[in-house]
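Novice: A structural model of the following input is requested.
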Amino acid sequence: MLFDDVSFRVGDSAKVALVGPNGAGKTTLVRMIAGDLVAKSGTVTSSGGLGVMRQFIGSVRDESTVRDLLLGVAPPRIQQAAATLEAAELAMMERDDDERVQMRYAQALADWGDAGGYDAEVLWDTCTVAALGVPYERAQYRGLRTLSGGEQKRLALEALLRGPDEVLLLDEPDNYLDVPGKQWLETALQESPKTVLFISHDRELLARAATRIVTIEDGRSWVHGGSFVTYHEARTERIERLEELRRRWDEEHAKLKALVLRLKIKATYNDGMASQYHAAQTRLRRFEEAGPPEEKPREQRVRMRLRGGRTGIRAVTCEDLELTGLMRPFSVEIFYGERVAVLGSNGSGKSHFLRLLAGGHVKHAGRWKLGARVVPGHFAQTHEHPELEGQSLTEILWTEQSLQRHDAMHALARYELQFCGDQPFETLSGGQQARFQILLLELAGSTALLLDEPTDNLDLASAEALEEGLLSYQGTVLAVTHDRWLARSFDRFLIFGSDGSVYEAPEPVWDEGRVARER
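Specialist: So this is what the prediction gives:
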């Protein structure tokens, strides 16, 4: 059971945030509203067209294109017309001299226009120019795997916010967006006339865009009618109120039980007390049947023990390193124990840089090397991990770390994953998957952490635990991040600039524009 008796309303043109711990059921709830899942009980109603952006919108393992992504967030009638037109085009390629095939193709073209397909293509042209810097005609068949996660998100958001649907469900829309992209999203949500329900863990976005907050925690929901600025104060007051209600209930329960016991003793010596005794029993039974007030939510206690180890003084050395087609040659030295934030716009090559250092195949020129005893641990930005799919968490810990079940469950408990030990990895929420990946890095004994957007799917408690873990980590850390809060804890800032240069800055730089180019 994820949650029970969840009730709330999103008013016309409201911008409502759905928050809560990782694994509380936020994405499941959005999927129920979208019609992907059927709830055990209760109802969901919505008015107007419903546009949905799911938590994970692209795949690095399939051959999906920009056109496929845009069709995926288009209204159903356009999706159906596109499928019919595609089938008719394939038939034409095989039998272009068949009159019936030609008639079907002509009808599919007419249906595409009637469904609004040509108008959608005009809209998509605006979206690809805004998100990718190129027109739709040249971008439509580009593979999604050639786009960064932020470019995919920005493209989907442009299409939904400009599209015809009046109600939007956005599951972690800010994930993978660079800071200019997040600022754009904040403004777009504020100015949009659409009704929006969105999931986010980004405190800046929540504070600037949400007009109400719906919280899912411990299987229940509650609504804060104000902005995120006053949310923590409201939550503290609510917890205190629940504690007081429970204290009063316990006191009343104890009094009723004591009364029943006294009357029971008296009734054994005085038949005249029997009616009072039975009345007190009835009162106690009804009191207990009504049940106690709601319990206060359990606070998460995520404890990460990232240890690291001593390495050579120079942990990473790059000499005239060029990421082919992405950045111009640059040189940099990173020393043992340093915390380096890698900043820049979406698509500028930051993830490629970390993947190269982790030993991945990335086109490059120039030289790079890791120092003595440097064992890289890579936290990948992508949500897809085929090597982990089909296995439960305890099975993965046994296979990769030789942990017996007892030790595996103890390690999972430190990451608040003890109740997920027998679940397949792919069934976890995005935040739970992120926490488990960090646990694997901890157990692997990495002496240099290469973290690509580590806080994107983490709830607040987990993100704070990660920051504490990095502060005590005895090793080198390179982290690609657009998390303004996390970046402030780093001591060096490597900027991937909009002009193709790589340079250092004394403070975080967030105003680099995206790199407009075709790959």
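Novice: I'd like to know which elements the helix or strand encompassing residue 158 is packed against.
Specialist: Applying DSSP states H and E as the criterion places residue 158 in helix 149-162. Where contact means 3 or more C-beta pairs under 8 Å, 6 or more residues apart in numbering; DSSP states H and E, helix 149-162 is packed against strand 50-53, helix 66-72, helix 117-132, strand 167-171, helix 179-191. Where you see a C-beta, it was placed from the backbone N, CA and C, and this is true even at glycine.
Novice: and it, how far out from the chain's middle?
Specialist: Averaging C-alpha positions (C-alpha atoms, centre = their mean, to the nearest Å) puts helix 149-162 15 Å from its chain's average.
Novice: Same question for stretch 483-502.
Specialist: 22 Å.
Novice: distance between the ends of it?
Specialist: This stretch, stretch 483-502, spans 20 Å end to end (C-alpha to C-alpha, to the nearest Å).
Novice: Equivalent analysis for stretch 156-172, please.
Specialist: 12 Å.
Novice: Would you mark the buried spots in it?
Specialist: By neighbour count on 16 or more other C-beta atoms under 10 Å, the buried set for stretch 156-172 is 156-161, 163, 165-172.
Novice: and if you look at stretch 180-191?
Specialist: The neighbour-count check on stretch 180-191 (16+ other C-beta under 10 Å) flags 180, 181, 182, 183, 184, 185, 186, 188, 189 as buried.
Novice: what's the average pLDDT for that stretch?
Specialist: Averaging pLDDT along stretch 180-191 yields 92.
Novice: So what pairs up with the residue lying closest to residue 446 once chain neighbours are set aside in the strands?
Specialist: Spatial nearest neighbour of residue 446, excluding adjacent residues (C-beta to C-beta, 6 or more residues apart in numbering): residue 377 at 2.8 Å. Judged by DSSP bridges, the bridge partners of residue 377 are residue 449.
Novice: Any figure for the gap between residue 377 and residue 479?
Specialist: 12 Å (C-beta to C-beta, to the nearest Å).
Novice: where do the contact lists of these two overlap?
Specialist: Common contact partners of residue 377 and residue 479 (C-beta atoms under 8 Å, 6 or more residues apart in numbering): 449, 450.
Novice: out of the two, which sits in the more crowded spot?
Specialist: The neighbour count for residue 377 versus residue 479, taken as other C-beta atoms under 10 Å, is higher for residue 479 (26 against 23).
Novice: how far out from the middle of the chain is stretch 175-189?
Specialist: The chain centre lies 15 Å from the centre of stretch 175-189; the measure is C-alpha atoms, centre = their mean.
Novice: In CSV, could you pull the C-alpha coordinates for that stretch?
Specialist: Provided in CSV are the C-alpha atoms of stretch 175-189 (Å, rounded to 0.1, in the frame of the first residue of the first chain):
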residue,chain,number,x,y,z
ASN,A,175,15.5,17.4,-13.9
TYR,A,176,18.5,17.8,-16.2
LEU,A,177,17.7,21.4,-17.0
ASP,A,178,20.6,23.8,-16.6
VAL,A,179,20.0,26.9,-14.4
PRO,A,180,18.9,29.2,-17.3
GLY,A,181,16.5,26.4,-18.3
LYS,A,182,15.1,26.2,-14.7
GLN,A,183,14.7,30.0,-14.6
TRP,A,184,12.9,29.8,-18.0
LEU,A,185,10.6,27.1,-16.5
GLU,A,186,9.9,29.2,-13.4
THR,A,187,8.8,32.1,-15.6
ALA,A,188,6.9,29.9,-18.1
LEU,A,189,4.8,28.4,-15.2
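Novice: contacts for that stretch?
Specialist: 15, 55, 148-150, 152-154, 157, 161, 173-174, 196, 198, 202, 204-205, 208-209, 344-346, 381, 430, 453, 456-457, 482, 484, 510-514.
Novice: From the residues you listed, list the buried ones, please.
Specialist: Among the contacts of stretch 175-189, those scoring as buried are 15, 55, 148-150, 152-154, 157, 161, 173-174, 196, 198, 202, 204-205, 208-209, 344-346, 381, 430, 453, 456-457, 482, 510, 512, 514 (criterion: 16+ other C-beta under 10 Å).
Novice: Would you mind listing where the stretch 301-450 of the chain has pLDDT under the threshold?
Specialist: 381-384 (pLDDT under 70).
Novice: So which residues of it form strands?
Specialist: Applying DSSP state E, counting those that start in this stretch to the stretch 301-450 of the chain gives strands spanning 314-323, 330-335, 339-344, 364-370, 376-379, 448-452.
Novice: In CSV, list those along with distance to residue 236.
Specialist: What follows is the strands of the stretch 301-450 of the chain, written out as CSV (distance: least, C-beta to C-beta, whole Å):
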stretch, distance to residue 236
strand 314-323, 42
strand 330-335, 41
strand 339-344, 31
strand 364-370, 46
strand 376-379, 32
strand 448-452, 31
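Novice: Deepest in the core, which of those is it.
Specialist: Ranked by average neighbour count under the criterion mean count of other C-beta atoms under 10 Å, those are headed by strand 448-452 at a mean of 25.
Novice: what angle separates that strand from strand 364-370?
Specialist: Angle of strand 448-452 versus strand 364-370, following axes from the mean of the first three to the mean of the last three C-alpha atoms, to 10 degrees, is 140 degrees.
Novice: Now do strand 448-452: which elements does it pack against?
Specialist: helix 350-357, strand 376-379, strand 476-480.
Novice: Give me whichever of the ones you listed is most buried.
Specialist: Mean neighbours per residue, mean count of other C-beta under 10 Å, is largest over the helices and strands packed on strand 448-452 for strand 476-480, with a mean of 25.
Novice: looking only at pLDDT, what's the mean for the next helix or strand after it?
Specialist: Following strand 476-480 in sequence order, the next helix or strand is helix 484-487 (DSSP H and E). For helix 484-487, mean pLDDT rounds to 84.
Novice: Sheet-wise, list the partners of the next helix or strand after helix 484-487 with their directions.
Specialist: Next along the chain after helix 484-487, taking DSSP H and E as the criterion, comes strand 492-496. If you go by DSSP bridges, strand 492-496 pairs up with strand 339-344 (parallel), strand 502-505 (antiparallel).
Novice: Helices along the stretch 1-150 of the chain, start to end?
Specialist: For the stretch 1-150 of the chain, applying DSSP state H, counting those that start in this stretch gives helices covering 26-34, 66-72, 76-94, 99-114, 117-132, 136-139, 149-162.
Novice: Please identify which of those is closest to residue 305.
Specialist: Residue 305 lies closest, by C-beta to C-beta, to one member of the helices of the stretch 1-150 of the chain: helix 26-34, at 27.6 Å.
Novice: okay if I get the strands paired with strand 492-496 as TSV plus distance to residue 250?
Specialist: Putting the strands paired with strand 492-496 into TSV (distance: least, C-beta to C-beta, whole Å) gives the following:
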stretch	distance to residue 250
strand 339-344	48
strand 502-505	57
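Novice: Quick one: closest of those to residue 45.
Specialist: Closest to residue 45 of the strands paired with strand 492-496 is strand 339-344 (C-beta to C-beta; 43.4 Å).
Novice: Run through who's touching that closest one.
Specialist: Here strand 339-344 makes contact (C-beta under 8 Å, 6+ apart) with 178, 334, 350, 353-354, 470, 476-482, 486-487, 489-498, 508-510, 512.
Novice: again with stretch 6-15
Specialist: Stretch 6-15 is contacted by residues 16, 29, 42, 167, 189-190, 192-198, 209-212, 214, 216, 220-221, 223 when judged by C-beta under 8 Å, 6+ apart.
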